[in-house]
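Chemist: turn this into a model:
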Amino acid sequence: MAKEMGDYYDLSELPTVVFHGKKPIVYDGNRRIILGKIKHGFVNIPNEFSKVKIPDFPLEIPCNVCTEEIALKNVLRKHGDSGSWNPLERDTFLNEFMGESKSAFLLLEEKTGIISKNPSLNQGFVRNEIFSNENLKALGFFIQDESLNTVHNDEEAQEVLSDISKKITEKEITTRKCRGQVIQVLEPSTQRLIVQNKDKKTRPITLNHAHSENKSGINNEKSKNSEYKSENLDNKAPQFENLNNKTLRQSRRTPQKEAELFGGKLYLHSGETSDLYRDIVDLYSFYVDRNNKLSSTFSGLIRMSLRLLCETAAKEKTYLKLDNYLINNYAEAKNNLDQDARTTLSSQGVDEKKIVQLLHTGAHNYKSSSNIDQTIALSIIIGAILTITHGKG
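Modeler: The predicted structure is shown next:
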């Protein structure tokens, strides 16, 4: 957040605050407020972060002080309707704070834990198409009075859900592949099971007795006191086991892994775009291997090459302008990304309105073009766009 904010806090972005009695509660803007508290010594941070440059921050800042009703609407518009929340977070917010009934997607998570166990399922098209009421019925699951019932026993229900999860995780069902063919892509044994049980009586599903902890990132404590911290949804609280007087030892640190350009390997049709993509990947590998010997501006070459790649791709697809190519495919591309990738975009200020500007800036070798974290974020959404327009299969 400190990197994203830059040298100073922009006072045009106001935290949203609601007074509960005499106590001001921040509904939106918690991370910004925390940076200000760090800057002025109200909050201590571990020594390992002491070298992080905290932006200039005034001691007093204007806030958007309003009623809870308005605050919640503002939070929903900013996060729920912009794509910065994943579908499960949005459904949880609508249910807990806006009074809406639990969606099929939320009920499925509460009763089975399948989405938190398989983060690749937490996508818009999975929520809206694969786990729609209609498709859940076809799979043998029924929403009845905000309860999830099934014709399967627990073992069978687990088998069906595991199979469909595997097909989504392994991308046998995507927005471009086998779309709408939920039953057809399942294993023959799973299909036979669904047919075999279709006329059985329904029963409440009991796969997730421990799910009362609410794994969606918004806990019951927040629901009770309305201290809803929207910008911290990705910062899930760590889960602690009962120590039972055991002596525990810390695990060794996991070796740091370099972030992948384009979010991983792309499989593109042969042509100039594919060739250029592979050249950029090689350039990035060179940068990673020799980073300590190269100048701080070298990463700007990678940023510049991303614009060239997009221009080449747009030209091959007969788009008149680079802008049209990126903006016309942005929403679908973002929808295909997992939550970690979308969080990376958000944290680096990459969105549909800014992507063209960020690429133009990089091409002119401004200081920001050497921001390798932002360059990687740009490459992730560009990779998703290329997969739509130039991908195999």
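
Chemist: hey, where'd the helices end up in the stretch 51-200 of the chain?
Modeler: Remark: helices assigned in the stretch 51-200 of the chain by DSSP state H, counting those that start in this stretch are 68-75, 87-98, 104-112, 114-117, 124-125, 133-139, 154-169, 188-197.

Chemist: who wins for proximity to residue 381 among those?
Modeler: Of all the helices of the stretch 51-200 of the chain, helix 124-125 sits nearest to residue 381, with 15.3 Å by C-beta to C-beta. No exception for glycine: its C-beta is placed from N, CA and C like everyone else's.

Chemist: for that closest one, the distance to its chain's centre please.
Modeler: Its chain's average C-alpha position is 12 Å from that of helix 124-125, according to C-alpha atoms, centre = their mean, to the nearest Å.

Chemist: ok, residues contacting it?
Modeler: For helix 124-125, the external contacting residues (C-beta atoms under 8 Å, 6 or more residues apart in numbering) are 87, 174, 175, 179, 335, 336.

Chemist: doesn't residue 123 make contact with the fifth one?
Modeler: In other words, residue 335. Yes - counting by C-beta atoms under 8 Å, residue 335 does reach residue 123; the two are 6.8 Å apart.

Chemist: of those two, give the one with the bigger neighbour count.
Modeler: residue 123 (24 against 16; other C-beta atoms under 10 Å).

Chemist: hmm, residue 334 and the more buried one touching each other?
Modeler: No - with contact defined as C-beta under 8 Å, residue 123 does not count as touching residue 334 (10.3 Å).

Chemist: just the buried positions in stretch 169-181, please.
Modeler: 173, 174 (16 or more other C-beta atoms under 10 Å).

Chemist: typed the wrong thing, it's stretch 63-72
Modeler: Of the residues in stretch 63-72, 64, 66, 71, 72 count as buried by neighbour count, 16+ other C-beta under 10 Å.

Chemist: and that stretch, how far apart are its ends?
Modeler: The first and final residues of stretch 63-72 sit 15 Å from each other (C-alpha to C-alpha, to the nearest Å).

Chemist: contact partners of that stretch?
Modeler: Here stretch 63-72 has contacts from 14-19, 24, 27-29, 74, 97-98, 226, 228, using C-beta under 8 Å, 6+ apart.

Chemist: same thing but 7 Å
Modeler: 14, 15, 16, 17, 18, 27, 97, 98, 226 (C-beta atoms under 7 Å, 6 or more residues apart in numbering).

Chemist: just checking, which of those belong to helices?
Modeler: 97, 98 (DSSP state H).

Chemist: just the contacts of stretch 63-72 now: which is nearest residue 39?
Modeler: Ranked by distance to residue 39 (C-beta to C-beta), the contacts of stretch 63-72 are led by residue 15 at 14.7 Å.

Chemist: count of residues packed around the closest one?
Modeler: So residue 15, with other C-beta under 10 Å, has 20 neighbours.

Chemist: skip the chain neighbours and tell me the closest residue to it.
Modeler: Distances taken as C-beta to C-beta, 6 or more residues apart in numbering place residue 29 nearest to residue 15, at 3.0 Å, with adjacent residues excluded.

Chemist: tell me which stretches of the stretch 151-300 of the chain form strands.
Modeler: If DSSP state E, counting those that start in this stretch is used as the criterion, the strands of the stretch 151-300 of the chain fall at 203-204.

Chemist: any weak-confidence spans in it?
Modeler: 179-180, 208-259 (pLDDT under 70).

Chemist: in this protein, which residue is closest to the centre?
Modeler: Centroid-nearest residue in the chain, with C-alpha atoms, centre = their mean: residue 339, separated by 2.0 Å.

Chemist: distance check, that residue against residue 199.
Modeler: As judged by C-beta to C-beta, to the nearest Å, residue 339 and residue 199 stand 38 Å apart.

Chemist: care to break the chain down by domain?
Modeler: Structural domains annotated on the chain: 2-67, 82-210, 261-390, as defined by automatic domain parsing.

Chemist: how long is the longest one from one end to the other?
Modeler: Between the opening and closing residues of domain 261-390 we find a distance of 17 Å, counting by C-alpha to C-alpha.

Chemist: same question, the shortest one
Modeler: Distance across domain 2-67, first residue to last, is 29 Å (C-alpha to C-alpha).

Chemist: off-centre distance for that domain?
Modeler: Worked out by C-alpha atoms, centre = their mean, domain 2-67 lies 23 Å from the chain centre.

Chemist: can you report how many residues lie near residue 338?
Modeler: Neighbours around residue 338, by other C-beta under 10 Å: 14.

Chemist: and it, how far from residue 146?
Modeler: 28 Å.

Chemist: cool, residue 384 as well?
Modeler: Taken as C-beta to C-beta, the span from residue 384 to residue 146 is 35 Å.

Chemist: so between the two, which is more surrounded?
Modeler: Taking neighbours as other C-beta under 10 Å, residue 384 and residue 146 compare with residue 384 leading, 23 against 12.
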